[in-house]
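here is my input, please return the structure:
(one chain, ligands or ions: 1)
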Amino acid sequence: KPLPVSLSNYNLDSLRESLERQEDFIVFSLIERARYPFNSPAYDIPHLAEDNSSLVEIYVRETEAIESKNPEELPFFPDEMQVPVVPPHQFPQILHTPAASVNASKGIWNMYFNHLLPLFTTKGDDGNYQQTVASDFICLQALSKRVHYGRFVAEVKFRDAPQDYIPFIYSKDSEVLMNLLTSTSVEETIIKRVSKKAMVFGQNVTLEKGNDGKYKVEPSVVSELYKDWVIPITKQVEVDYLLRRLD
Ligand SMILES: C=C(O[C@@H]1C=C(C(=O)O)C=C[C@H]1O)C(=O)O
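Below is the predicted model of the structure:
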């Protein structure tokens with residue numbers, strides 16, 4: 001039977017278009033963060049006497065607490081959420097409820113601080129911790145939205161070919177599920193495209209001919225981020241979602 005309009009809007013092409021648009025924001029967010037050096041005191045030093053939290057933990061927790069949430073975004077500190085100030089918009093229910101709770105926030109947090117940040121920031125400390133953690137939060141939210149889109153992608157792939165997935169969901173075969181949902185050509189396109197975006201968005205625009213050949217974030221680093229971290233974690237979310245799709 002035909003799906004209601006709001007559900008038929010979610011198909012693989014529209015989701016891929018959204019992931020493509022999200023690349024722009026992710027690349028810009030990384031460029032903004034790269035204006036500051038690594039600034040380790042924002043992450044190491046407990047900033048409150050009675051609490052061992054780092055500045056970045058405090059910043060993310062407090063900021064999240066006053067933002068209302070939509071189902072595309074999952075908080076990093078869910079226990080701190082307050083009643084939203086703005087009544088939430090009623091989004092159509094697309095995800096299968098038991099599987100929708102798949103949450104990669106911890107993995108995204110670790111990936112960002114342990115692997116990504118050292119790759120695209122310079123070593124050093126300029127003391128500008130507030131702006132540093134504010135731009136970290138923008139990167140984290142953008143990455144989290146992208147990675148958790150894997151749930152919508154998995155739902156659509158499942159609906160398009162349930163007979164392919166069902167036996168391996170029952171047998172809990174993550175490896176086969178991973179192969180079934182993988183599209184190598186799509187991944188290769190994305191990895192090349194984000195490098196190009198880093199070149200276009202990250203050059204110094206001048207009125208004279210040509211540019212100085214410098215980029216605000218190294219394009220190869222952006223490809224590497226996607227290839228080694230962003231895409232694999234998105235796919236892991238897809239597998240985890242599918243494993244719970246028949247619960
Ligand atoms: C998101 C998708 O699923 C997989 C993950 C991809 C990604 O994270 O960019 C790309 C292709 C697929 O291997 C997709 O098919 O578009």
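
now the residue nearest the centre of the chain, what's its secondary structure?
When C-alpha atoms, centre = their mean is applied to the chain, the residue found nearest the centroid is L143 (2.0 Å). Secondary structure, DSSP: H, G, I helix; E, B strand; the rest coil: L143 is helix.

do the same with L207
Per three-state DSSP, L207 ends up coil.

tell me how many other residues surround the spatially closest residue to Y112 that is not a sequence neighbour.
Excluding its sequence neighbours, the residue lying closest to Y112 (C-beta to C-beta, 6 or more residues apart in numbering) is L140, at 5.7 Å. No exception for glycine: its C-beta is placed from N, CA and C like everyone else's. Burial measure for L140: 23 neighbouring residues, criterion other C-beta atoms under 10 Å.

what of A100?
There are 18 residues near A100, going by other C-beta under 10 Å.

tell me the contacts of it?
P71, R151, Y241 (C-beta atoms under 8 Å, 6 or more residues apart in numbering).

who in this protein is up against the ligand?
R16, V153, L181, T182, S183, V186, E187, I190, I231, T234, K235, E238 (C-beta under 6 Å from any ligand atom).

just the ones of those residues in strands?
Assignment to strands by DSSP state E places none of the residues of the chain next to the ligand there.

make JSON lines from the residues you listed and add neighbour count, pLDDT and distance to E224 to it.
Putting these into JSON lines (neighbours: other C-beta atoms under 10 Å; pLDDT from 0 to 100; distance: C-beta to C-beta, whole Å) gives the following:
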{"residue": "R16", "neighbour count": "17", "pLDDT": "97", "distance to E224": "21"}
{"residue": "V153", "neighbour count": "21", "pLDDT": "97", "distance to E224": "22"}
{"residue": "L181", "neighbour count": "19", "pLDDT": "98", "distance to E224": "22"}
{"residue": "T182", "neighbour count": "12", "pLDDT": "98", "distance to E224": "19"}
{"residue": "S183", "neighbour count": "12", "pLDDT": "98", "distance to E224": "20"}
{"residue": "V186", "neighbour count": "13", "pLDDT": "98", "distance to E224": "18"}
{"residue": "E187", "neighbour count": "16", "pLDDT": "98", "distance to E224": "13"}
{"residue": "I190", "neighbour count": "20", "pLDDT": "98", "distance to E224": "13"}
{"residue": "I231", "neighbour count": "19", "pLDDT": "98", "distance to E224": "11"}
{"residue": "T234", "neighbour count": "22", "pLDDT": "98", "distance to E224": "15"}
{"residue": "K235", "neighbour count": "19", "pLDDT": "98", "distance to E224": "17"}
{"residue": "E238", "neighbour count": "26", "pLDDT": "98", "distance to E224": "21"}
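
tell me the one of these nearest S220?
Using C-beta to C-beta, I190 is the member of the residues of the chain next to the ligand that sits closest to S220, with 14.5 Å.

quickly note the distance from the closest residue to that closest one other than its chain neighbours to L116.
Nearest residue to I190, sequence neighbours excluded (C-beta to C-beta, 6+ apart): Y226, at 6.2 Å. The gap separating Y226 from L116 is 10 Å, by C-beta to C-beta, to the nearest Å.

same deal with L246?
34 Å.

if we can go back for a sec, mind giving me the ChimeraX select for the contacts of A100, buried ones only?
Buried residues among those (16 or more other C-beta atoms under 10 Å), as a ChimeraX selection:
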select :71,151,241
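
can you redo the contacts of A100 as CSV with secondary structure?
Listed next are the contacts of A100 as CSV, based on three-state DSSP:
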residue, secondary structure
P71, coil
R151, helix
Y241, helix
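
for Y36, the count of nearby residues, please.
21.
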